[in-house]
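J.: Kindly generate the corresponding structure for this input.
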Amino acid sequence: PYSYPYPNAANAQYPGSLSLYFYGYGSNPSNGTFSYAALPLFADSIQNLQLTFKVYRSNTSVVSVGVLTSQNDYSSFQQIASITPATDGWETHTVRFDNVTGTNRYICIAARAGNGINRFYIDDISVERIPQCPSVASVSIDSINDSRVVLSWPAVAGVSEYEVEYGLVGYPSGFGTVID
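T.: This next block holds a predicted model:
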């Protein structure tokens with residue numbers, strides 16, 4: 001397994017940083033090539049954490065996010081999320097680890113073999129405690145006019161109700177109008 005900074009892909013480099021390049025090849029995950037990055041051990045329990053990162057796909061890619069029992073033993077990989085980026089641009093994704101069981105202690109991002117070439121770039125990795133009120137990502141404006149806006153976003157796992165706060169440009173968070 002390998003992962004390395006890949007500074008030569010100018011179109012895939014997130015501004016101001018070096019991205020990690022991941023590559024997997026083969027028709028079967030059990031005997032193809034793969035690459036992974038295992039994060040260091042965190043003091044907090046993994047069940048209290050979430051991973052947020054940016055991904056740039058360079059073909060039809062699948063990002064496998066999971067956990068390992070040992071940082072150097074990919075055979076212990078337990079997949080938590082399988083993410084298929086929708087576009088050939090940078091996207092932000094968040095994976096929660098609140099349902100992890102067993103002795104898995106290390107967060108892992110992997111490019112696994114399967115259905116040919118699987119390659120992508122990862123940048124701006126952040127691990128933090130799962131917030132009491134999780135944020136949504138990839139908010140889209142479906143329609144807008146003088147008095148109404150319709151928003152949409154991908155569902156957040158484990159969340160059944162959402163609040164939207166809005167206000168005039170520059171209003172401080174927590175002081176806007178809230179709707180359910």
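
J.: Only C-alpha atoms from now on, for both contacts and neighbour counts.
T.: Noted.

J.: Parallel or antiparallel, which strands does the lengthiest strand in the chain pair with?
T.: If you go by DSSP state E, the chain has its longest strand at strand 116-129. Here strand 116-129 has these sheet partners by DSSP bridges: strand 20-26 (antiparallel), strand 49-57 (antiparallel).

J.: Buried deepest among those, which one?
T.: strand 20-26 (a mean of 22; mean count of other Cα atoms under 10 Å).

J.: between the strands paired with strand 116-129, which one is nearest to Arg105?
T.: strand 49-57 (10.9 Å; Cα to Cα).

J.: Report the inter-axis angle for the next helix or strand after that closest one versus strand 116-129.
T.: Helices and strands here follow DSSP states H and E; after strand 49-57, the next one along the chain is strand 63-68. Orientation check (axes from the mean of the first three to the mean of the last three Cα atoms, to 10 degrees): strand 63-68 against strand 116-129 gives 60 degrees.

J.: Just want the phi and psi numbers for the residue of the chain most remote from its centre.
T.: The C-alpha centroid of the chain is most remote from Asp146, which lies 34.7 Å away (Cα atoms, centre = their mean). Torsion angles at Asp146 (phi, psi; degrees, to the nearest 10) stand at phi -60, psi -30.

J.: Which parts of the protein are strands?
T.: Taking DSSP E as the criterion, the chain contains strands spanning 4-5, 20-26, 35-38, 49-57, 63-68, 78-83, 90-96, 106-111, 116-129, 140-144, 149-152, 164-166, 177-179.

J.: The residue farthest from the centre of the chain and Ser140, how far apart?
T.: For Asp146, the distance to Ser140 equals 17 Å [Cα to Cα, to the nearest Å].

J.: so where's this structure uncertain?
T.: Low-confidence regions of the chain, defined by pLDDT under 70, span residues 1-17, 26-32, 58-60, 113-116.

J.: My guess is Gln79 contacts Gly66. True?
T.: Yes: the criterion here is Cα atoms under 8 Å, and Gln79 meets it with Gly66 at 4.1 Å.

J.: neighbour-wise, which of those two wins?
T.: Gly66 (23 against 15; other Cα atoms under 10 Å).

J.: partners of the more buried one in the sheet?
T.: In beta-bridge terms (that is, DSSP bridges), Gly66 pairs with Gln79, Cys108.

J.: For Gly158, which of the strands of the chain is the nearest?
T.: strand 90-96 (9.7 Å).

J.: Give the partner strands of the closest one in its sheet and their orientations.
T.: Paired strands of strand 90-96, with direction, are strand 49-57 (antiparallel) (DSSP bridges).

J.: Strand 106-111 and the strand it pairs with, what's the angle between them?
T.: Using the same axes, to 10 degrees: strand 49-57 against strand 106-111 is 10 degrees.

J.: Looks like Asp88 contacts Arg57 (just checking).
T.: Yes: between Asp88 and Arg57 there is a contact under Cα under 8 Å: 5.5 Å.
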